[in-house]
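A.B. asks: Kindly generate the corresponding structure for this input.
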Amino acid sequence: MPARVHAIIVARPGSSARAQLLRTLDALRSQTTQPAAVTLVMCGDAASARESESVASTVEGIIEARHGTSFAEAVELARPRVAQGSAVWLLAHDTAPHVRALERLVGTLERSPSAAIAAPKLVQTDNDREIVSLGVTMTALGRSVELAAGELDQGQHDGRDDALGSDIRGVLIRGEIRDSLRPDPALAGADEGLDLGVRARLGGGRVVLTPAARISVTPDGPAALPTGRTRRAYATRVAQLHRRLVYAPAIAVPLHWLTLLPLALWRSITHLIGKRPEAVAPEWGAALTAMLRLGAIARSRRSIRSFRTTGWASVAPLRVTGSQLRRRLDDGHGSEGGAVSELRFFSGGGAWAVLAAAVVSVASFTALLAWPVLGGGALLPLRTTVAALWRDAAWGLRGIGVDVIGPADPFAGALAVLGSLWPGAPSFSLVLLWILALPLAVLGGWFAATRVTDRSGLRIFAGVIWALAPTFLTALTEGRPAAVLVHLLLPWLFHAAVVAHRSWGASGAASVLFAAVAACSPSLLPALLVLWVIALGITLGGSRIRGAVRLLWVPIPALALFAPLIGWQLRHGSLIAVLADPGFIRPGLQATADATGRLALATGFPTGDLAGWMPFAGESIGAWAPALLVPLALLALAAAVAPRWRAGITLLVVAMSGLATAFLAVGVMVSFSEGTPVAIWPGAGLSLAWIGVTGAALVTLDTALTLPRLRLLSATVAAVAVAVCAVPALAAFHTGRTVLTDGPVSTLPAYVAAQAGEDRPIGTLVLTPQNDGGLAAEVAWGASETLSAQSTILSTATEVRGTDITTLSVDLLSARDFDAASALAENGISYVLLAQVAGDEADRARALRTSAVTALDQRAGFVQAGATDRGVLWRLEADAENRAALTAGQQATARLTITLQLVLLAAALLLSVPTRASRRAARARSRIVGRAPEEPIVLPRHAEDVEHPEDLHPAVDPEPLEDPQPAEDLHGPEDLPEPDPDQKPAPAHEEEAR
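C.D. replies: Just a heads-up that it's a prediction; the model follows:
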């Protein structure tokens, strides 16, 4: 039996800490077994403690330490005051022992001669029925795991007495070995009790749990884990890595040390997949800290070696296995636990709607099934290899122009992803995109509707309305790939963005989709950022800081993609040029900035022909086409006074932002096509407006029209009217009113394409006489002009970019006498192609083309290869020089830019990867956003299809608890989650619909 007990109390200054300290001292004076001495270590100013009569009457001495002193260091400062043979009781200012706590701890040491440490049951100060800690163990890789924490105390663990370790707070260390069992300061305030238990076990002793000895604690005391997720993650990881290096055999320590940084990289990936981005920085900080503290590792290893009498086999039985952890984390429901939000894609008819859209698509674009390459409009072939596609997406030499070095358009990255889906023939991926566009649009619209309504019929209604949008069908018939991709991506962005505040998975998915939409249509960036600011303000207004942090991440990948382009335009052009349409620029039929054009935009049509109605039915009838959209517009406007008016008004704000974008776009001309200024395509803004109108109409149909027949009639009238409006566009392919063509595989002659096989960098100067008497000059590299090689830094240029090829082209057709072949070869050009202007050729263009043929035939070093369907081709006799390589500085810029962009995109993608835990958390909440709690729930036919009614409006939606992480989603036992001492467990419950 210990002759005496010496209590060491570690305290910090502060008014709340002072009150807790007085409470702890009162509890010590009330003990049935009094400690022989009490020493107070004050980590900070001890003046107030010395002046307190309560403190002076209880403690035998006060030690003042610096403010940042850790608990282990404070205990070490008091150790010289402990009498020889006295047991040491470790307390803090927030640890208030219950009346018989010390009596029972002393009794445990008396009854168990092998016990080196007696550990109490820690309970919450505010609720002594909640267990904070009762025993700690660790996995095979050294991660600490609480045996009992965050549970309601019903005596279920009182029969357990043997444990590997415990929480450091309140432990009583036997006097005979207290000099060998000292808390390790190198553990950074975590796992100190576990480390003491391991060392006690290696020294032939053990940790005995004493559930009857109860001590009330708070989560922010000196001996508790640091507050804040980042600080707590750092402390626990530092402790784990330190213990791993200390416990490992000497021969394995260098290997563990070398794997610290690779392991930090791997665990950073698992943190992102596990939706714990706040743990990434602490992971790297802990790895670097562990690598640099070689002296602390050596001291800890010596301490264990001096006391050790048994092997690690004595520790192994008390470790927890992966299967045991899985059983503890299993809630008995599997992956479906708590599921209250069913999708009902198949049972609700969504799959049939997508299948029907696929049939309509095949019927509308029948011949596309046999086309290897899609041409016409703003379409061009893609590179022939996937590697070349990704080179076009990187910072460096651009695929058009001469010696033009700079950032790629983010749209080139989207094309690289698209082309990689069909690596054998990347251009065929555009054909597949056109064939699958309608069913994919229905699919996206259907999923976006799941955030607004749980009625299966209305979800199908939304999918159909979205697929038949005039702006989408116009983009299909006019051959605008960027606009098609924007329309397909927007509903998925809506689906993820409206719940981005709920989880990191949704935030990661929304950030990837935000970047993709912005890449395809930079003109949407201002509207998207405005909507993001509004969402951020609503979230902050609801005092949900964690949700706001998740929302802050959403635009970051997009900004990383656009940052090099923004910097380039600020230095060489104008900032507004960043908003220019990417890809191949061609003058189209888009609505103009006059009154007629803006009226077409206001009615939802991006072109003056009103989605084909003007040529299809004549101007007298076609002018009334906007009337077909009136039923849908009326349903959308009624959302402002619907029961869910908040959601309705929010969606109308989205519609207005899209309309404003379209109105502004037609008045902005920053791009040029063969010298002709071209306005920004307004269809992207109309797509954004269409998603707001469709969503607002759903709100009206879902809540305002309570009579089923009235709801069915209204939805049918609106859907039929939109379907009739889509007839000219869907029939355009068969009536010959579309610009889509079969190919070409290459925009250059077949001879050049054959010489430039596998995307060899062969340069071709393309000269095109214009109808106004001008000359357009462009340099194409490889087998063809390609869509991914286009660059807005050239299409928006108002001055020469790179080498001035325009002056050289004019001199080439003039009477100037110079070695033209050598001048072109010095710039890497091997061929000259004299092309004909698209469409009808005017007399001035024809005359210039005729004189150009004569001039080039008379040039020395030019060998005419003949007339082709692309124009007249000349080959240069001089050997072309290779394209200039990047300088060392340019290569460093390219590597840095690509690395930063890839890191951020990889982080976003890893966050968006669904896990079992994230799927379960998503299913446990209603998919619908903006539903008021008092609204009735629409009950489906089967109880298991019930949607959860408790999802509130974002402004008042309560902050959810962190998603639990089951063991099946982790990559190793060490990755299992640790309980959060600041977080109380949510009560288990199930919702049953009858």
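A.B. asks: For residue 61, which non-adjacent residue is spatially closest?
C.D. replies: Nearest non-adjacent residue to residue 61, counting by C-beta to C-beta, 6 or more residues apart in numbering: residue 39, 5.3 Å away. For glycine as for every other residue, the C-beta is placed from the backbone atoms N, C-alpha and C.
A.B. asks: May I ask you to name the longest strand in this structure?
C.D. replies: strand 206-217 (DSSP state E).
A.B. asks: Now tell me what touches the helix or strand following that strand from outside.
C.D. replies: Where DSSP states H and E defines the elements, the next helix or strand beyond strand 206-217 is helix 229-247. Outside helix 229-247, the residues within contact range by C-beta atoms under 8 Å, 6 or more residues apart in numbering are 141-144, 184, 186-192, 194-195, 198, 225-226, 253, 256-257, 260, 278-279, 281-283, 285-287, 289-290, 293, 296-297, 300-301, 304, 312, 974, 978.
A.B. asks: Stretch 863-882 now?
C.D. replies: Here stretch 863-882 has contacts from 747-752, 761-763, 821-822, 824-836, 853, 856-857, 861-862, using C-beta under 8 Å, 6+ apart.
A.B. asks: So which of these belong to helices?
C.D. replies: Of the contacts of stretch 863-882, the ones assigned to helices by DSSP state H are 750, 751, 752, 821, 822, 824, 825, 826, 853, 856, 857.
A.B. asks: rewinding a little: quickly note the distance from the residue nearest to residue 61 to residue 215.
C.D. replies: Note on residue 39: its distance to residue 215, by C-beta to C-beta, to the nearest Å, is 18 Å.
A.B. asks: These two - which one has more neighbours?
C.D. replies: residue 215 (29 against 24; other C-beta atoms under 10 Å).
A.B. asks: Surely that one and residue 100 touch.
C.D. replies: No. Residue 215 is beyond contact range of residue 100, at 11.2 Å (criterion: C-beta atoms under 8 Å).
A.B. asks: quick one: residue 132 from residue 150, how far?
C.D. replies: Separation of residue 132 from residue 150 (C-beta to C-beta): 8 Å.
A.B. asks: same question but for residue 649, I mixed them up
C.D. replies: 41 Å.
A.B. asks: returning to what we had before: what residues does the helix or strand hosting the residue nearest to residue 61 touch?
C.D. replies: Using DSSP H and E, the element containing residue 39 is strand 37-43. Residues from elsewhere that reach strand 37-43 (C-beta under 8 Å, 6+ apart): 4, 6-13, 25, 28, 46, 49, 55, 58-69, 74-75, 77-78, 81-83, 86, 222.
A.B. asks: quick revisit: return the list of strands paired to the longest strand of the chain, each annotated with direction.
C.D. replies: Within its sheet, strand 206-217 is paired with strand 96-97 (antiparallel), strand 115-124 (parallel), strand 162-163 (antiparallel), according to DSSP bridges.
A.B. asks: so for the last one, what's the average pLDDT?
C.D. replies: Which is strand 162-163. Averaging pLDDT along strand 162-163 gives 88.
A.B. asks: What's the first helix or strand after it?
C.D. replies: Beyond strand 162-163 toward the C-terminal end (DSSP H and E), the next one is strand 172-173.
A.B. asks: where along the stretch 301-450 of the chain do the helices fall?
C.D. replies: 322-329, 350-364, 386-392, 410-420, 428-449 (DSSP state H, counting those that start in this stretch).
A.B. asks: nearest to residue 679, of the ones you listed?
C.D. replies: For residue 679, the closest of those is helix 410-420, at 17.8 Å, according to C-beta to C-beta.
A.B. asks: Can you list the low-confidence ranges for this structure?
C.D. replies: Scanning the chain for pLDDT under 70 picks out 1-3, 328-342, 543, 589, 593, 931-994.
A.B. asks: How is the residue nearest the centre of it assigned, secondary-structure-wise?
C.D. replies: Closest residue to the average C-alpha location of the chain: residue 508 at 1.8 Å, with C-alpha atoms, centre = their mean. Each residue gets one of three states, and residue 508 gets helix by DSSP: H, G, I helix; E, B strand; the rest coil.
A.B. asks: and the closest residue to it other than its chain neighbours, how many neighbours does it have?
C.D. replies: Computed as C-beta to C-beta, 6+ apart, the closest residue to residue 508 that is not its neighbour in sequence is residue 911, at 2.6 Å. When counting by other C-beta under 10 Å, one arrives at 27 neighbours for residue 911.
A.B. asks: any idea whether residue 911 is helix, strand or coil?
C.D. replies: Assignment for residue 911 (three-state DSSP): helix.
A.B. asks: ok, it touching residue 505?
C.D. replies: Yes. Assessed by C-beta under 8 Å, residue 911 is found in contact with residue 505 at 6.5 Å.
A.B. asks: shared neighbours of the two, anything?
C.D. replies: Joint contacts of residue 911 and residue 505 (C-beta under 8 Å, 6+ apart) are residue 275.
A.B. asks: Would you map the helices across the stretch 651-800 of the chain?
C.D. replies: Using DSSP H, counting those that start in this stretch, the helices found in the stretch 651-800 of the chain span residues 683-699, 708-725, 727-735, 750-755, 792-795.
A.B. asks: State the distance from the nearest residue to residue 757 once chain neighbours are set aside to residue 424.
C.D. replies: Ranked by C-beta to C-beta, 6+ apart and with sequence neighbours excluded, the top spatial neighbour of residue 757 is residue 783, at 6.5 Å. As judged by C-beta to C-beta, residue 783 and residue 424 stand 16 Å apart.
A.B. asks: Would you mind telling me which of the two has more residues around it?
C.D. replies: Between residue 783 and residue 424, counted using other C-beta under 10 Å, the more crowded position is residue 783 (26 against 8).
A.B. asks: how much space between that one and residue 828?
C.D. replies: Residue 783 is 15 Å from residue 828, by C-beta to C-beta.
A.B. asks: now residue 904
C.D. replies: 34 Å.
A.B. asks: same check, this time on residue 485
C.D. replies: 32 Å.
A.B. asks: between those two, which one's more packed in?
C.D. replies: residue 485 (23 against 19).
A.B. asks: Okay, and that one sits in which element?
C.D. replies: Going by DSSP H and E, residue 485 is in helix 481-497.
A.B. asks: what about that helix, distance to the chain center?
C.D. replies: Centroid separation between helix 481-497 and its chain, computed with C-alpha atoms, centre = their mean, to the nearest Å, is 16 Å.
A.B. asks: Using PDB, list the CA coordinates for that helix.
C.D. replies: Provided in PDB are the C-alpha atoms of helix 481-497 (Å, rounded to 0.1, in the frame of the first residue of the first chain):
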ATOM      1  CA  PRO A 481     -19.200  22.200 -78.400                       C
ATOM      2  CA  ALA A 482     -18.400  24.500 -75.500                       C
ATOM      3  CA  ALA A 483     -22.000  25.600 -75.200                       C
ATOM      4  CA  VAL A 484     -23.200  22.000 -75.400                       C
ATOM      5  CA  LEU A 485     -20.800  21.000 -72.500                       C
ATOM      6  CA  VAL A 486     -22.000  24.000 -70.400                       C
ATOM      7  CA  HIS A 487     -25.600  23.000 -70.700                       C
ATOM      8  CA  LEU A 488     -24.800  19.400 -69.800                       C
ATOM      9  CA  LEU A 489     -22.700  20.400 -66.800                       C
ATOM     10  CA  LEU A 490     -24.800  23.100 -65.300                       C
ATOM     11  CA  PRO A 491     -27.500  20.800 -63.700                       C
ATOM     12  CA  TRP A 492     -24.800  18.800 -62.000                       C
ATOM     13  CA  LEU A 493     -23.200  22.000 -60.700                       C
ATOM     14  CA  PHE A 494     -26.600  23.000 -59.300                       C
ATOM     15  CA  HIS A 495     -27.100  19.500 -57.800                       C
ATOM     16  CA  ALA A 496     -23.700  19.700 -56.000                       C
ATOM     17  CA  ALA A 497     -23.500  23.400 -55.200                       C
END
